[in-house]
Structure formats: C-alpha cells, structure tokens
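Trainee: let's see this in three dimensions:
(chains A and B)
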There are 2 protein chains.
Amino acid sequence: VSAAPIIQPVTLAADQCDRSYDIIIGQGTLAQAGDAIKQRLGCRRCVIVSDRNVAAHYGTPLQASLVAAGHHVFEPITISAGESSKNFVTLELILDQLLARRIDRNSVIIALGGGVVGDIAGLAAALALRGVPYVQIPTTLLAQVDSSVGGKTAIDHRLGKNMIGAFYQPQLVVIDAASLQTLPRRELQAGYAEIVKYGLINDVTFFDWCEKNGSLLLDGDTEKRLYAIHTSCAAKAAIVAADERETGQRALLNLGHTFGHALESALGFNDTLLHGEAVAIGCVLASKLSVALGLCQADVTARIAAHFAACGLPIRPPRHNYNIDQLMQLMAQDKKAMDSTLTLILLRGIGQAFVTKNVDASAIREIWQAVI
Amino acid sequence: VSAAPIIQPVTLAADQCDRSYDIIIGQGTLAQAGDAIKQRLGCRRCVIVSDRNVAAHYGTPLQASLVAAGHHVFEPITISAGESSKNFVTLELILDQLLARRIDRNSVIIALGGGVVGDIAGLAAALALRGVPYVQIPTTLLAQVDSSVGGKTAIDHRLGKNMIGAFYQPQLVVIDAASLQTLPRRELQAGYAEIVKYGLINDVTFFDWCEKNGSLLLDGDTEKRLYAIHTSCAAKAAIVAADERETGQRALLNLGHTFGHALESALGFNDTLLHGEAVAIGCVLASKLSVALGLCQADVTARIAAHFAACGLPIRPPRHNYNIDQLMQLMAQDKKAMDSTLTLILLRGIGQAFVTKNVDASAIREIWQAVI
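Mentor: I've put the predicted structure just below:
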C-alpha cells in the first residue's frame, strides 16, 4: 500500500464562502491530521469531540498530531457511545462545553468517531456561535464511506431518525483506514452495506468488484479497503456536489433507507439492527418492490441478496412483532416525504437506481407482508 | 398613506438555492400575507409560531388571510412571551410540535411576533427536517427594522445572548406597520434605537431625518413609520447582501451591540433594560470611546445622546452593582470575537462607522469607569 494518501475533492456550488473541501484517504492519516488542517486552515484552536470508546483508542494520537502541527488543543469533549446519544440532551451538553471553552468563530471542532459523533458534533458546529468550522475524522467504515461526507448533520427524534439537523459542510475529512483495525466485524459488515449501495445506485462495474473483493475487504485487505472507500467517497462527492440540499438526485443515496429506517424505528433504534444492516435489508426490499412493479428482473434481487448474505449481512427483517400499518406510517414520515407523498428509490437493474414518488401503497404493503 | 405596499428585495449571493427574498412593507399587509406567500411559494401547509400576546391580537386575522388564499393551516404553536423563551427547552418544544404536526420539507413556518419569536422560530425552521422554508411577520418595531431581515436565528445561552443559532434566510418578510398600534411606547422607543443606528452607521442624511421626525414617528405618524422602516430594511438588506455570514462589513450592524450586550448580560437579560435600550446606551458608549481615542469630535456623542434622550431612550447604564472585569469579559465573549481579539464598531463621525480590532482594553475600561 502506497504511503501517499488519496485526496478526493468535494466541489460544492460556489457562493460567498468557499465551501469545497478535501477528503484525505489513506493508511495512517490520523497522524497527519494536524498538518492537513494546518495546511488548509492555518494554526487554529481545536476541540476534539468523540465518544468514550473512540477517544480511548485514537484521542491521544490525534491530540499529539494537532499539538505537533502547532494547533492549540482544548480539553476534548466526550459523549457516550451509541445511537442513543444522538439526542437533544447530548447536543445541549456539547454546545455547553464548547461555549465553556470560550471557542470563537475561528476555532475548529474535530469530530472523531463514527456516524453518531460525526452527526451530532457536526450539528453542534453548525449551531455554536451560528456556525464554526469543523473537520470529520470518521473511524467506522460506515462513517468513512457515507456519513462523514456531504454535510448532513442531525440528531434523532422520537418521531424519526435525523429529524432535527442541518446541512453544514465540514472543512476537511480525514479517513484513516488503520482505524478500522479496532472495529468489530459486525460493524465492518454494516458499513460495507453502504459501499455496495454505491454500486447498486449507478456503478455496476463497482458492484462486480464488490462481489469479487468484498470478503477480502472484510478480512482486512488494506488495498481493497482503500479502493472501496475512495470509490464510495468519490461517488458520494459527485452526487452531493450536484444536489447538496437533496432537492433531487441526492435522494438516490437513500436507496434502501426508507425501508431500512422504518425497520430501525420499529425496533427502537437499538443493537438488534445496525444502520448498515437495515440498509442491506432495505436494498433487498427495494429490489423486491422493483421486481414486483415489473421494473427489473427477479435475478437482480437474487444477486443483491446473495452478495449481502455472503458478507454476513442480513437480507430480511429480524424476527419481531411488526405491525404493517406502523411500518407504512414510519415510511411516510421519512424526511424525504413531500406533501405526504412517499419518495422511494427503486432499481431498473444493478447500477440503475432512480427516484420515484408514484408507488402504490398496496404494492409496498405486499413486500412487507412477504418478509415479516 | 398609499395603500400599495413597498417591496424591498434582499438579494443574496447566488448558489444552488435561490435565497433572495422580498420584504413587503405597508399598512394592513397582515391581511395580504396569505396572498403574498401564495404568489411566491404557491399554496402550502403552514404552521404559525407566535407568543401568547401576539397570537391574541394577530393570530386570527393571519390565519384568516392564509385560509382565504387557499393554504392549509395547521394548529398554531404558541410560546410564552419574553426573552426568557429563547432557550433550549422552548426550541425543543417548538420542534416537537412541528414534527407532531407531520410537517414536510414543503411546509412553511410563519414566525408571527417580535424578535424572540422570529429568532427561535427561524432556528426551529432551520433545524426541522434539516431546514424548511419560513416567513417572518415581525410585529414589533425592533423586529421590523432589524431582526426579521438577514437570516440570523438563535437562542440564548447562560454564557451569552444568541450564542446558539444559524444563518438561515426566510422566504419572505411581511411588515405591517398597523401592528405597531398595540406595541407599548417603551418597546416602540427601544425599536427606534435600531432605526437611528442605521443613520449612525453610514447615512448622516437619515440621522438628520431622525432628529427631525423621530418624535412624530413615536407619536404614531404612519407615513414617518413606513419611511423609517423601509430605509432601515433597505440599509440592512444592502449590508447583508454584501456579507451574509458576517465575515466583514456585516459587523457594522453591531454598532452599540458589544457594549449593549455586556450590559444586558450583566443585568441578566431582564426588563430592566430592553435590547433596543441597551443598543442606545451602547451607541453612546461607542461614540464616547471613539472620542476618547481621538477618532471623532466630542459633539458627535453630544448629538447622539441628545437625540436618544429626546426620544425617551436611556443614554447611560441603569444603576446596578456592576463589576468592570465582568463587563470586559462579557464584551470579549461576544460572538464577533475572533482568536480572543475583541471586535468593536467605532465612529469617525455620524454616518461613518467602521470595524476595528485594535482597541486597547484600558481605553474601554475607562469608558465603563466613567459611566457606571
């Protein structure tokens, strides 16, 4: 593996602020984070926001890298690990602690952790003093290939996941594939589901690559990991650049998410089903619905399900006392819903996803009926 | 007074969303709000957010105007009146109620009230589903000439006013001078201080006009009110258009605010000192400091103080057991502070304000010393 990291630019529509930024992808990039920030933003006053697990592994090396580059480093802010931290109380706690450190509008918040930390620390950065710069250092595969790029920040609400948040872009994303070494296999697999998603959306060649290399990636092959992370980030950067605020094509990134969110929500957002696992199931269900609607061939579902299953991902909802009316309502409450019309991402084939609003509710019910 | 309202456009830097919007200024425009929204956004699902006092006066006519234009109107959300509502608990309550009404990304939030309602409802709009459109209908003079225009939304924090918030522009501002009829004289005067501020910043002709017409305006002259509101909104629109996120010239709008915020904060943000009153005192103190630093002639302070006093506004801090160290610290904590350097707006004369970072702390202490 080459020592030189890949730099993937994210180019956003120009306005008075320069909101384009780089994604640095490599092995051992955490140690270069201080320099990478200095190169782009100069020496700053930095606050690391992390969760207790991640802070224990990577807090000290990150701090050392920042200090070595000449940044001033405030006392870090640490939250509890897990989705249950993505709430109003924790958001207020982070904001309290940021303000107590007397940050100013030049201070930089560094979100070190998985999707939960990135989402809530990014939202805190969006809100503190009406917005301070922030840097994403995602440490889970899911965060590296999805949530750290694109500026979606949020907390959850009892009526739905990510219901409260902001579109607020980071100044830089630093991805260190080495941080995946401490990630449990199950979380690695869950993150991998989002990688496969990019193939399903618009890149059949990449889906072919996944079928061939997915197991190697999961088993620890660094080169495969870096390739998949870069391909995913480049795909996401292209879609976000074209539609930052999800008025159109950005919704493609939600392939599998409308079904998936409904499941996560019905199960109470706990460890029964990780987000990436829900996305895997959701992709299978979206493909089943596409088949049922005559949009694509049945072998599409078979191929998707086979690959997820081969990678240890679930392909049907876990056993639970589901209520179809509730699942339907949870889907309708999705943030992408407009004027009470459900927006779905369906497939005309692998690599041929599209956004649609005209799906008959009874067809969706039948999909649920068949799998729960 | 002409029946045709004035339409003042606010033209923001172009990006992928069209974020420019109109300010409609007139007498009786509340009754036209439904049509004005329909004309610009089409028929929408609307939620009015207001406080109990304002809702009692203007909730029903606004609702009638919306319904008559064909909008769907959800049950309104009402908060307690007063600055103490600009907190995390009330923000969460508004978001809870918005989500409970099942708003979607096309729904429109209508902030009906003074600065508190506008600031917190605007922030709720920025955060709900990562941002839904909103309309400002300011009912106090202060909100009409200042806070409703420019997209600053916020709540307060114990460490400072407006410390948590977002830059988030409304889709439309509807200003009805008739709503000033129910405003207490003291609040009218406080709002008037922000009007005078625009003259002090860069328009000596308007300051002359204020000296001549301020009393008539406060006594109820509609034509004078409309002229002053329009001049103020046009001045603010020009400054915001040039610097939406306050990286430079927008800071001019904070003339009098750094001193003023410190006073409000030291007094605990209560009715001892209204925000506009603090701004009036702050403008006097900023001019005193400008004189002390040899930037302008002493008669500048005399002229400003004389006009504020003639309009019933305070020109020195109310009696209180102040601590100068605390006041200095409160000024330093101002959001405009960068890298712990205090930013101040000073005067080279009336209509000649400028932004500076290089003021000796001892000079500021002497100003406080002399007035408290």
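Trainee: residue A:163: what secondary structure?
Mentor: strand (DSSP: H, G, I helix; E, B strand; the rest coil).
Trainee: residues contacting residue A:346?
Mentor: Shown here is residue A:346, whose contacts under the criterion C-beta atoms under 8 Å, 6 or more residues apart in numbering or on different chains are A:286, A:289-290, A:293, A:295, A:353-354, A:356, A:359. For every residue, glycine as well, the C-beta is placed using N, CA and C.
Trainee: now residue A:76
Mentor: When contacts are taken as C-beta under 8 Å, 6+ apart, residue A:76 is in contact with A:47-50, A:55, A:59, A:63.
Trainee: still on that earlier bit, which of the contacts of residue A:346 are buried?
Mentor: Buried by 16 or more other C-beta atoms under 10 Å in any protein chain shown: A:286, A:289-290, A:293, A:295, A:353-354, A:359, out of the contacts of residue A:346.
Trainee: what segments of the stretch 201-350 of chain A are helices?
Mentor: For the stretch 201-350 of chain A, applying DSSP state H, counting those that start in this stretch gives helices covering A:204-219, A:222-242, A:257-266, A:275-292, A:298-310, A:324-332.
Trainee: got the angle between the fourth one and helix A:257-266?
Mentor: Read it as helix A:275-292. Relative orientation of helix A:275-292 versus helix A:257-266 (axes from the mean of the first three to the mean of the last three C-alpha atoms, to 10 degrees): 130 degrees.
Trainee: now helix A:275-292, how far from the centre of its chain.
Mentor: Taking the mean of its C-alpha atoms, helix A:275-292 sits 17 Å from the chain's own mean (C-alpha atoms, centre = their mean, to the nearest Å).
Trainee: cool, and the third one?
Mentor: The chain centroid and the centroid of helix A:257-266 are separated by 15 Å under C-alpha atoms, centre = their mean.
Trainee: same for that helix, what does it pack against?
Mentor: For helix A:257-266, the contact count by 3 or more C-beta pairs under 8 Å, 6 or more residues apart in numbering or on different chains; DSSP states H and E identifies strand A:160-167, helix A:275-292, helix A:324-332, strand A:344-347 as packing neighbours.
Trainee: winner for burial among the ones you listed?
Mentor: Neighbour counts averaged per stretch over those are highest for helix A:275-292, at a mean of 26; criterion: mean count of other C-beta atoms under 10 Å in any protein chain shown.
Trainee: quick one: residue A:110 is in a strand?
Mentor: Yes: following the definition three-state DSSP, residue A:110 is counted among the residues of a strand.
Trainee: before we move on, the earlier item: of all the buried ones among the contacts of residue A:346, which comes closest to chain B?
Mentor: Minimum separation from chain B among the buried ones among the contacts of residue A:346 (C-beta to the nearest C-beta) is found for residue A:359, which lies at 16.9 Å.
Trainee: so what's that closest one up against?
Mentor: For residue A:359, the contacting residues are A:289, A:293, A:342, A:344, A:346, by C-beta under 8 Å, 6+ apart.
Trainee: where is pLDDT lowest across those?
Mentor: pLDDT across the contacts of residue A:359 is lowest for residue A:342, at 86.
Trainee: and the helix or strand of chain A with the lowest mean pLDDT, which strands flank it?
Mentor: Using mean pLDDT, DSSP states H and E, strand A:6-10 stands out as the lowest-scoring helix or strand of chain A, at a mean of 81. Neighbouring strands of strand A:6-10 in its sheet, by DSSP bridges, are strand A:21-26 (antiparallel).
Trainee: could you give the mean pLDDT of the partner strand?
Mentor: With pLDDT averaged residue by residue, strand A:21-26 scores 94.
Trainee: next, the buried residues of it.
Mentor: When neighbours are counted by 16+ other C-beta under 10 Å, the buried residues of strand A:21-26 are found to be A:21-26.
Trainee: could you do stretch A:151-162 as well?
Mentor: A:151-157, A:159-162.
Trainee: hmm, which two among those are most spread apart?
Mentor: Comparing all pairs in those by C-beta to C-beta, the longest separation belongs to A:151 and A:159, at 23.0 Å.
Trainee: which residue packs closest to the residue nearest in space to the middle of chain A, ignoring adjacent ones?
Mentor: Taking C-alpha atoms, centre = their mean, the centroid of chain A lies closest to residue A:147, which sits 2.4 Å from it. Closest residue in space to residue A:147, ignoring its immediate chain neighbours: residue A:115 at 4.1 Å, by C-beta to C-beta, 6 or more residues apart in numbering or on different chains.
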